[in-house]
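A.B. asks: just a sequence and a predicted model for now, questions to come.
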2 protein chains.
Amino acid sequence: MRVTIKDVAKKANVSIATVSRVFNDYSDISDATKNRIKKIAKDMNYVPNLAARTLSSKTQESIACIFNRLDFSTKAPWILEVLSGVYQYTIDVGQKFVFYVTSDEIQNEKTYTQFCYEHNITGAVIGGLTMNDPYYHEIKVTTIPTVIIDMEVDNKFVGTVSVDNKKASEEAVDYLVSLGHHEIAMINGKRETYVSLVREQGYRESLEKNNLMIKKSMVCYTDFEEGAAYEATKVLLRENPEVTAIFCVNDLVAIGALQAVKDLRLSVPGDISIMGFDDIPLAAYVNPTLSTVHQDLEQVAYGGAKLLHSIILKEERESNKLFLPHEITIRESVGQAPS
Amino acid sequence: MRVTIKDVAKKANVSIATVSRVFNDYSDISDATKNRIKKIAKDMNYVPNLAARTLSSKTQESIACIFNRLDFSTKAPWILEVLSGVYQYTIDVGQKFVFYVTSDEIQNEKTYTQFCYEHNITGAVIGGLTMNDPYYHEIKVTTIPTVIIDMEVDNKFVGTVSVDNKKASEEAVDYLVSLGHHEIAMINGKRETYVSLVREQGYRESLEKNNLMIKKSMVCYTDFEEGAAYEATKVLLRENPEVTAIFCVNDLVAIGALQAVKDLRLSVPGDISIMGFDDIPLAAYVNPTLSTVHQDLEQVAYGGAKLLHSIILKEERESNKLFLPHEITIRESVGQAPS
DNA sequence: CTGAAAGCGCTTACAG
DNA sequence: CTGAAAGCGCTTACAG
């Protein structure tokens, strides 16, 4: 039998209210009883039942991390970085951390609000959402404190955190242009994903700013995976032989592109320069090593958790949008445009 | 205001007991009322409060995944694989999934039993434990259904799941021997980690079986990280110049060793053969590519969750120990012993 | 500083 | 097939 607050109260000859106060760090308890009860509780192996606590207090101060879908590539463990960043924040501020995974099924069964109510979630950092997820549309109008990773939403209850994907992409393409590239293609991800959208915007703005033509056939979409990127690159280069540089929506895609270029017996960066995004571990190991946009998702997630906390506490703040720094990381896969 | 079972009951003109029965799929409810109540509940946006449910039913059928420490290398995202394997099992059988992280602090504050009671955990798959963790010793005698990843324990309430680390290591070293290597070193991980222990056992058994000398100076310990392995390898090769092959406790260590050998201007596998363990994504990308022992931790975790479920349900089963298959994966880093 | 009591939102014997 | 009622283990005004 597990020991409850009653057992402790009885043994200590106090009311359960007193025991409860001790465990909730109420200040108006004499140190004597406090210590006595703590000792007794410890000896009895007592721990408060979280479910009971949550139920009676109505508000469990916890920070949730929610992922939509747990699909991941071990090559690009960004979920882990996000998880870890949120977790670390909760540790640093002594908040309770909870983790949930949703799925398409869950999204169809119950609303985001319902999901949060069901799990007594005060606020959540949420990742892995795409623009056609029901939860994305709901979050645009929710009143539940929420922070979305890598997505922007205008709602005072919702924060958004990421690197400045648009600006970073623009810089990355600017860099290609600065090396003399005029025919720059982009291998993008899924259309429904927000980062695909903004990274493409950055790509377009760079081209426009530099007075370069934006050709429709030079942007193609993939599912963010190596294999799809490999095929897409082959098609793209066949149809656009003038291309000398490819900006990729992420490193996994870039690695697929790299392989495709090599298999076409073209050289990287001699014939084709390739630029990635994310700086996953593999980026420094592929051959040639990958130039890319470095971002620290653990820091992004940490910042997201902090922002969420601030929203929950209804603190004053300048903005609900937080951009963390990125860095263009130069390695071997990008070089001068062939003359 | 969130809607509760009372609101639904009132609107439907039934007792809360009836609503509760509908949501728990009791069979003795007329289809008419059942559907009527479901519709009303849906229209009202009702979802049962999990905390209340847990509290009153005393037993929430959920499968927990617990990690001790959330420290990870993005290069070796095994935590994610375990998480995903357990999660996938719960999806497949329709069980609730919960995820918790413990820390040294938590281990010192409350016992494993207390932790599980507090969170109303029926059973847990637990990873990341070392042999000097308090929870490890407690789990040896716990009565809470538990499955440990990559560790063996004799307790009918506890299952253990992994590849056969000892056998796999023995095979890996056998393979080195078969290529003519007689002076085989091992760069091991932490002494407190169970896999270090058993993988070393496998290494020793192979040497013994093949009548090769086991020299104390030829096994050294690291913290499982690249950097430490790099240094250890340099020292080891300086002190044991006769070494022609190194068996590494995991791939991260192997990659560190690889770099050290290269920096010593020795060739891999010309002068020194290197064998890893795990087959992380990087293994196929380093130069030379890494020969290693492939394991599928997602499958291991999936099997672990299944075993846990069986323990929770008190099903008959042959054994509480589950070994999943591994595979010696040959790449470039291992070759014939230099003559 | 401490207790009695209501209440959080459910489940589940017990009765009918 | 359905309801009344006790109870799960806590928290928190209210009172003193």
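C.D. replies: Arrived safely, thanks for sending.
A.B. asks: in the stretch 151-300 of chain A, what residue lies closest to DNA strand C?
C.D. replies: At 20.8 Å from DNA strand C, A:F157 is the closest residue in the stretch 151-300 of chain A, using Cβ to the nearest atom of the strand. In this view, the C-beta of every residue, glycine as well, is placed from N, C-alpha and C.
A.B. asks: pretty sure that residue contacts A:K140?
C.D. replies: No - with contact defined as Cβ atoms under 8 Å, A:F157 does not reach A:K140; the gap is 10.2 Å.
A.B. asks: who has more neighbours, those two?
C.D. replies: Comparing A:F157 with A:K140 by other Cβ atoms under 10 Å in any protein chain shown, the one with more neighbours is A:F157, at 18 against 12.
A.B. asks: which residues sit in contact with that one?
C.D. replies: The contact partners of A:F157, by Cβ atoms under 8 Å, 6 or more residues apart in numbering or on different chains, come to A:142-146, A:311.
A.B. asks: could you do A:M151 as well?
C.D. replies: By Cβ under 8 Å, 6+ apart, the residues touching A:M151 are A:129, A:131, A:136, A:160, A:162, A:194-195.
A.B. asks: what of A:E138?
C.D. replies: A:111-113.
A.B. asks: what helix or strand is it on?
C.D. replies: helix A:134-139 (DSSP states H and E).
A.B. asks: pLDDT of that helix, averaged?
C.D. replies: When pLDDT is averaged along helix A:134-139, the result is 96.
A.B. asks: now do the buried residues in it.
C.D. replies: A:135-136, A:138-139 (16 or more other Cβ atoms under 10 Å in any protein chain shown).
A.B. asks: can you tell me which of the residues you listed is nearest DNA strand C?
C.D. replies: Taking the buried residues of helix A:134-139 together and measuring to DNA strand C by Cβ to the nearest atom of the strand, the closest member is A:E138, at 20.0 Å.
A.B. asks: any of the contacts of A:E138 buried? List them.
C.D. replies: The neighbour count (16+ other Cβ under 10 Å) marks A:111-113 as buried among the contacts of A:E138.
A.B. asks: now, which of these lie within helices?
C.D. replies: Among the buried ones among the contacts of A:E138, the residues falling in helices (DSSP state H) are A:112-113.
A.B. asks: dump the buried ones among the contacts of A:E138 to JSON lines, plus distance to chain B and pLDDT.
C.D. replies: Output for the buried ones among the contacts of A:E138, formatted as JSON lines (distance: Cβ to the nearest Cβ, whole Å; pLDDT from 0 to 100):
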{"residue": "A:T111", "distance to chain B": "7", "pLDDT": "91"}
{"residue": "A:Y112", "distance to chain B": "11", "pLDDT": "93"}
{"residue": "A:T113", "distance to chain B": "7", "pLDDT": "90"}
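A.B. asks: filter the contacts of A:F157 down to just the ones in helices.
C.D. replies: Reading helices off the contacts of A:F157 with DSSP H, I get A:I311.
A.B. asks: just put the contacts of A:F157 in a markdown table and tack on neighbour count, pLDDT and distance to B:I66.
C.D. replies: Converted to a markdown table, the contacts of A:F157 look like this (neighbours: other Cβ atoms under 10 Å in any protein chain shown; pLDDT from 0 to 100; distance: Cβ to Cβ, whole Å):
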| residue | neighbour count | pLDDT | distance to B:I66 |
| --- | --- | --- | --- |
| A:T142 | 18 | 93 | 30 |
| A:T143 | 10 | 91 | 33 |
| A:I144 | 19 | 92 | 27 |
| A:P145 | 24 | 94 | 27 |
| A:T146 | 28 | 96 | 26 |
| A:I311 | 20 | 93 | 29 |
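A.B. asks: can you redo the contacts of A:F157 as a markdown table with distance to B:D174?
C.D. replies: Shown next, in a markdown table, are the contacts of A:F157 (distance: Cβ to Cβ, whole Å):
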| residue | distance to B:D174 |
| --- | --- |
| A:T142 | 59 |
| A:T143 | 63 |
| A:I144 | 58 |
| A:P145 | 57 |
| A:T146 | 55 |
| A:I311 | 58 |
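A.B. asks: now, among the contacts of A:F157, which is nearest to A:R331?
C.D. replies: Relative to A:R331, the closest of the contacts of A:F157 is A:T146; by Cβ to Cβ it sits at 36.4 Å.
A.B. asks: so the closest one bridges to which residues?
C.D. replies: A:A124, A:V158 (DSSP bridges).
A.B. asks: quick one: it and A:I139 touch, right?
C.D. replies: Yes - between A:T146 and A:I139 there is a contact under Cβ under 8 Å: 5.6 Å.
A.B. asks: now do the shared contacts for the two.
C.D. replies: Common neighbours of A:T146 and A:I139 (Cβ under 8 Å, 6+ apart) are A:126, A:158.
A.B. asks: so how far is A:D251 from the closest residue to A:L176 other than its chain neighbours?
C.D. replies: Leaving aside its chain neighbours, A:L176 sits nearest to A:A245 (4.6 Å; criterion: Cβ to Cβ, 6 or more residues apart in numbering or on different chains). Using Cβ to Cβ, to the nearest Å, one obtains 16 Å as the distance from A:A245 to A:D251.
A.B. asks: go on, A:P338?
C.D. replies: For A:P338 relative to A:D251 (Cβ to Cβ), the value is 24 Å.
A.B. asks: list the residues that contact A:K110.
C.D. replies: Applying Cβ under 8 Å, 6+ apart, we find A:K110 in contact with A:118, B:47.
A.B. asks: repeat the analysis, applying 10 Å as the threshold.
C.D. replies: With contact taken as Cβ atoms under 10 Å, 6 or more residues apart in numbering or on different chains, A:K110 is in contact with A:102, A:116-118, A:134, B:42, B:45-47.
A.B. asks: could I get the phi/psi values of it?
C.D. replies: A:K110 adopts backbone torsions of phi -140, psi 150, taken as degrees, to the nearest 10.
A.B. asks: which element is A:E315 on?
C.D. replies: Secondary structure assignment for A:E315, by DSSP H and E: no helix or strand.
A.B. asks: burial measure for it, as a count.
C.D. replies: Neighbours of A:E315 (other Cβ under 10 Å): 9.
A.B. asks: pretty sure it contacts A:L308?
C.D. replies: No - counting by Cβ atoms under 10 Å, A:E315 does not reach A:L308; the two are 11.1 Å apart.
A.B. asks: and the gap between A:N120 and A:E298?
C.D. replies: Taking Cβ to Cβ, one finds A:N120 at 27 Å from A:E298.
A.B. asks: for A:L129, see how far away the residue most central in space within chain A is.
C.D. replies: With distances taken as Cα atoms, centre = their mean, the residue of chain A nearest its centroid is A:I149 (4.1 Å). Distance, A:I149 to A:L129, by Cβ to Cβ: 8 Å.
A.B. asks: joint contacts of those two?
C.D. replies: Counting by Cβ under 10 Å, 6+ apart, the residues touching both A:I149 and A:L129 are A:67, A:194.
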